[in-house]
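A.B. asks: Give me the fold of what follows.
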Amino acid sequence: MTYENLSSINAYLVGGAVRDELLQRPVADRDWVVVGSTPEQLIDLGFTQIGNDFPCFLHPDSKEEYALARTEQKSGEGHTGFICDFHPNISLEDDLLRRDLTINAIAKRDNGDYVDPYGGIDDLNNRVLRHVSPAFVEDPLRVLRVARFAARFANLGFSVHPDTMALMSVLAQNGELDLLTPERVWKEISRALTEPKPSEFFRVLRACGALKSIMPELDCLFGVPQPEQHHPEIDTGEHVMLCLDYARQQFNDLTVTWAVLLHDLGKGVTPKEQWPSHVDHENLGEPLVREVNKRLKTPKELGEISALVAKHHLRAHQLKVMKAGTIMKLIESLDGIRRPERVGLFINACEADAQGRLGLEESPYPQRIVLENALIAAKSVEVKTLLEKGYKGKDLAEQIRQARIKAIKHSLQ
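C.D. replies: So this is what the prediction gives:
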């Protein structure tokens, strides 16, 4: 790729593009840092300025992002309380110093040489997630970012350096995590749920003490026992993590992974004197799921599906022994006739719940076929035929329902 006029500016490829190239992973976006220039110089060269917080520019041909080298000074609370300085005398090393992890603080020159002042290449080789400088603690969002990178690279053997974990613990304890906006927290969680091993995101947050601030309803599940005959892993939090990774690998759907993450929240509030049993946990969990969705301002449909899974997942596991009328009630609860895609999302989450048990990950889940066939049967009922027989209003609705139950009963046979 040739870039017009680049000979007059000092630009370096930085960030994820360099990191992923060194890891021999696909490179999605390419970001550049420009040293020794001003906004006016880039605009004169045909770049288009974007963004308000600091000067960032789109290349006139490639449309890739070019940012002026900058430093950041803490000026307030939270992850937005910074003053940026982008004076032309700021060096590349100064710019790289403000980044979160050493593996993200590597630059590459046009000639292919790497600039690595903070040991990022060694950390890539040693599979370590390490902070660049003590300034790491100035931005609470970095706790979530590091946890997300841990989820992304866990399968490659990466782990968080103990010193970095210690700084994350400081951020978890000083209250700054509470200053993160719900939208920003949800953005990091939703991205983590799409990483290869999303459970690692929540494990890292829990290890540094951040999970009880971000999602206390999930944090309290760890250490809660379940009946060993049904859950060989015993610990509810561990069960949820197993379910989560299964859902990510098997279905790779954000709605499903989110619902799976929340499906057992009710087990955190069942009476301790009844443990390891969790009677009525599905009904206890539904309002908790709705509260989490409200607090994090999650998309409406994700909130609805996750609440439905929390409330009805035990019913799904009983599908093999259910009567046709009861199956019809479940389909109605899911609004499955009008919205059949909900049934698919629901049963995917329920399968992940069943498979997320130690040693039972490969067990068959025939309940899926029962529900899918029942839905097909119910939807096959011809309403037109009943209309032609003169049924109207409530009578028509009841006749349709009875016809659907009959069709489901036939599908079970």
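A.B. asks: Sketch out the low-pLDDT regions of this protein for me.
C.D. replies: 1-7, 52-54, 74-82 (pLDDT under 70).
A.B. asks: For Val146, see how far away Val115 is.
C.D. replies: Distance of Val115 to Val146, given as CB to CB, to the nearest Å: 23 Å. For glycine as for every other residue, the C-beta is placed from the backbone atoms N, C-alpha and C.
A.B. asks: domains in this protein, as residue ranges please.
C.D. replies: 1-125, 252-413 (automatic domain parsing).
A.B. asks: Pull the CA coordinates from stretch 124-138 and hand them back as CSV.
C.D. replies: Taking Å, rounded to 0.1, in the frame of the first residue of the first chain, the C-alpha atoms of stretch 124-138 are listed here in CSV:
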residue,chain,number,x,y,z
LEU,A,124,4.5,-11.4,24.1
ASN,A,125,7.0,-14.2,24.0
ASN,A,126,6.6,-14.9,27.7
ARG,A,127,2.8,-14.6,27.4
VAL,A,128,2.5,-11.9,30.1
LEU,A,129,0.0,-9.1,30.4
ARG,A,130,2.0,-6.3,32.2
HIS,A,131,1.3,-2.6,32.7
VAL,A,132,3.6,-0.1,31.1
SER,A,133,3.9,2.3,34.0
PRO,A,134,2.5,3.1,37.5
ALA,A,135,0.2,5.6,35.7
PHE,A,136,-1.9,2.5,35.0
VAL,A,137,-3.8,3.2,38.2
GLU,A,138,-5.0,6.6,36.9
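A.B. asks: Report how many residues lie close to Lys311.
C.D. replies: Counted with other CB atoms under 10 Å, the neighbours of Lys311 add up to 19.
A.B. asks: again but with Leu386, I slipped
C.D. replies: Using other CB under 10 Å, Leu386 has 18 other residues around it.
A.B. asks: excluding its backbone neighbours, what's nearest it?
C.D. replies: Gln399 (5.1 Å; CB to CB, 6 or more residues apart in numbering).
A.B. asks: what's the answer for His410, then?
C.D. replies: Sequence neighbours aside, Ala377 is the residue nearest to His410 in space, at 6.6 Å (criterion: CB to CB, 6+ apart).
A.B. asks: Check which helix or strand the one you found maps to.
C.D. replies: Assigned by DSSP states H and E, Ala377 belongs to helix 367-379.
A.B. asks: Could you check how far that helix is from the centre of its chain?
C.D. replies: 30 Å (CA atoms, centre = their mean, to the nearest Å).
A.B. asks: what's in contact with it?
C.D. replies: 316-320, 322, 324, 327-328, 330-331, 336-337, 340, 343-344, 347, 350-351, 354, 404, 407-408, 410-412 (CB atoms under 8 Å, 6 or more residues apart in numbering).
A.B. asks: any chance you could map the strands in the stretch 1-150 of the chain?
C.D. replies: Using DSSP state E, counting those that start in this stretch, the strands of the stretch 1-150 of the chain run over residues 10-14, 31-35, 48-50, 56-58, 65-68, 71-74, 82-85, 107-108, 114-115, 128-129.
A.B. asks: Any chance of the ones you listed in JSON lines with distance to Gly359 and mean neighbour count as columns?
C.D. replies: Output for those, formatted as JSON lines (distance: least, CB to CB, whole Å; neighbours: other CB atoms under 10 Å):
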{"stretch": "strand 10-14", "distance to Gly359": "45", "mean neighbour count": "21"}
{"stretch": "strand 31-35", "distance to Gly359": "44", "mean neighbour count": "21"}
{"stretch": "strand 48-50", "distance to Gly359": "52", "mean neighbour count": "12"}
{"stretch": "strand 56-58", "distance to Gly359": "51", "mean neighbour count": "20"}
{"stretch": "strand 65-68", "distance to Gly359": "48", "mean neighbour count": "22"}
{"stretch": "strand 71-74", "distance to Gly359": "49", "mean neighbour count": "15"}
{"stretch": "strand 82-85", "distance to Gly359": "49", "mean neighbour count": "14"}
{"stretch": "strand 107-108", "distance to Gly359": "46", "mean neighbour count": "20"}
{"stretch": "strand 114-115", "distance to Gly359": "45", "mean neighbour count": "16"}
{"stretch": "strand 128-129", "distance to Gly359": "31", "mean neighbour count": "22"}
